[in-house]
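> this one's sequence-less:
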């Protein structure tokens, strides 16, 4: 894409994201941009979060097609809306803004936390501001401990990395959490990592604490 | 991205891909575009392939940063070159063409199979022709059995889907190979699926047979 077109798109996105950020602040909503590869366990994490948090929640789920994730979140008690992007590999601030003008808007205005579950992708979502309080990247242990080195852009902008599916570690001969932590130290300015398993519930308390910290400091 | 800019980019790519395709045909090289999420096991699959195939091989590995995958492939005996894309979420025909003008060109001209290991991504690589004989999508069982429904574009253009890391199935309570197969049937015009484990070697024979089939029919 020509550089000037790209710059114009990002400028527009930043403007719209600033508008979203004001909207969230005005209504006391803490917005979280949750990113990660396809199958990193983003939806399962939010399901586990809903089981642990008493506060009111709301969510949008980005996918190329289907509203399966939003359905799963609704079944977990989170008012949720699907954003289907067709062929776009990330959400942008316009898409989130449009969703808020729909039926979801009221749920979000009354929520403590608004989760923006981005399109499954470790590349494209990184540079699009969505007005979030925090950028969170979920990476599963099955993806390999070298991922921070190979996809540095998204980790460089993360406030927190969630290492997911830790229950599978015993079955992954090639995995080293130490190597993953080391790789993260090379690309993330202030490395912050929480290890979780949505299946066993391990680590979910630490994640909920991080969420409350962002809310307190908002 | 404005539609006209996008169309122009794809037109240019198709032109360059046609040029690559002629080049591969002239030298009797069967080119395979291997796509999949980060951590789908693309590199491990090629390592296992090198252990099973006697023919001469060559490869390029696309990543945002680092040449780790190309290093792994060289260690497995495959002459390989890294293409680092910076922030681009896929390879395009220009990048492959440039790599062939470098030191890799000679290895590719003497190879039976040329593997193009794309950037880890289940969205962007789908629509960029690289002059390949076949599009192969690797999906690991840890990604979840709904992935074909959620990322239909890349599956719709695949000649073959490799279901990887099948050794982990016993540890994934939510996984159903039947559901995955069913989902694939909804988005892939002629569903073709091979289940493999690079760790145990299961299914690698079937994959090698598919490779030889494309070579025979070239």
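Arrived safely. None of these values were measured; they are calculated from a predicted model.

> alpha carbons only for contacts and neighbour counts from here, please
Noted.

> show me where chain A has strands.
A:30-36, A:57-63, A:80-84, A:113-117, A:134-140, A:160-164, A:193-195 (DSSP state E).

> can you count the residues close to residue A:152?
With neighbours defined by other Cα atoms under 10 Å in any protein chain shown, the count for residue A:152 comes to 23.

> Next, the contact list for it, please.
By Cα atoms under 8 Å, 6 or more residues apart in numbering or on different chains, the residues touching residue A:152 are A:187-188, B:64-65.

> Show the pLDDT at it.
On the pLDDT scale, residue A:152 is placed at 97.

> which residues of chain A score low on pLDDT?
A:1-3, A:217-218 (pLDDT under 70).

> Please determine whether the top helix by length along it lies in contact with chain B.
Counting by DSSP state H, the longest helix found in chain A is helix A:3-26. Yes: using Cα under 8 Å from any Cα of the partner chain, we find that helix A:3-26 touches chain B at A:5-6, A:9.

> Output those in a markdown table; the columns should cover distance to residue A:162 and neighbour count.
Below are the residues of helix A:3-26 next to chain B laid out as a markdown table (distance: Cα to Cα, whole Å; neighbours: other Cα atoms under 10 Å in any protein chain shown):
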| residue | distance to residue A:162 | neighbour count |
| --- | --- | --- |
| A:5 | 34 | 13 |
| A:6 | 30 | 12 |
| A:9 | 29 | 15 |
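
> residues in contact with stretch A:193-211?
A:41, A:44-45, A:48-49, A:52-53, A:160-167, A:181.

> So for that stretch, what gets flagged as buried?
A:193-199, A:201-204, A:207, A:211 (16 or more other Cα atoms under 10 Å in any protein chain shown).

> who in chain A is up against chain B?
Residues of chain A that fall close to chain B, judged by Cα under 8 Å from any Cα: A:1, A:5-6, A:9, A:37-40, A:63-66, A:87-89, A:120-124, A:142-144, A:147, A:149-153, A:168, A:171.

> which of the residues you listed count as buried?
Looks like the residues of chain A next to chain B have A:37-40, A:63-66, A:87-89, A:120-124, A:142-144, A:147, A:149-153, A:168 buried, using 16+ other Cα under 10 Å.

> Compute the distance between residue A:72 and chain B, please.
According to Cα to the nearest Cα, to the nearest Å, residue A:72 stands 12 Å off from chain B.

> quick one: contacts for that residue?
Neighbours of residue A:72 in contact, by Cα under 8 Å, 6+ apart: A:43, A:47.

> And the contacts of residue A:152, which is closest to residue A:104?
residue A:188 (33.3 Å; Cα to Cα).

> excluding its backbone neighbours, what's nearest that closest one?
residue A:156 (4.5 Å; Cα to Cα, 6 or more residues apart in numbering or on different chains).

> Could I get the contacting residues of the one you found?
Residue A:156 makes contact with A:187-189, according to Cα under 8 Å, 6+ apart.

> how close does it sit to chain B?
12 Å.

> cool, and residue A:16?
Counting by Cα to the nearest Cα, the gap from residue A:16 to chain B is 17 Å.

> Can you report how many residues neighbour the closest residue to that residue other than its chain neighbours?
Spatial nearest neighbour of residue A:16, chain neighbours left out: residue A:93 (5.8 Å); criterion: Cα to Cα, 6+ apart. By the criterion of other Cα under 10 Å, residue A:93 has 23 neighbours.

> again, but for residue A:94
17.

> Contacts only, for it.
A:13, A:16.

> cool, and residue A:131?
Residue A:131 neighbours (Cα under 8 Å, 6+ apart): A:17-21, A:24, A:31, A:93.

> so where do the helices sit in chain A?
Counting by DSSP H, the helices of chain A are A:3-26, A:42-52, A:68-75, A:93-101, A:104-109, A:147-150, A:152-156, A:177-187, A:204-216.

> Run the chain-centre distance for the fifth one.
Looking back up the chat, that one is helix A:104-109. Its chain's C-alpha centre and that of helix A:104-109 lie 18 Å apart, by Cα atoms, centre = their mean, to the nearest Å.

> So what touches that helix?
With Cα under 8 Å, 6+ apart, helix A:104-109 has contacts from A:24, A:27-29, A:57-59, A:79-81, A:99-100, A:114.

> again, but for the second one
Residues from elsewhere that reach helix A:42-52, judged by Cα under 8 Å, 6+ apart: A:34-36, A:57, A:69, A:72-73, A:76-78, A:117, A:138, A:198, A:201, A:204-205, A:208.

> now do stretch A:22-34
Looking at stretch A:22-34 with Cα under 8 Å, 6+ apart, the contacting residues turn out to be A:42, A:108-118, A:130-138, A:214-215, A:218.

> picking that back up, nearest to chain B, of the contacts of residue A:156?
residue A:187 (11.0 Å; Cα to the nearest Cα).

> Would you confirm that that closest one contacts residue A:158?
No: in this structure, residue A:187 is not within contact of residue A:158 by Cα atoms under 8 Å, at 10.0 Å.

> and these two? which has more neighbours close in?
With neighbours defined as other Cα under 10 Å, residue A:187 and residue A:158 compare such that residue A:158 has more, 22 against 19.

> Does that one touch residue A:138 like I think?
No: under the criterion of Cα under 8 Å, residue A:158 is not in contact with residue A:138, lying 10.0 Å apart.

> All good on my end, thank you.
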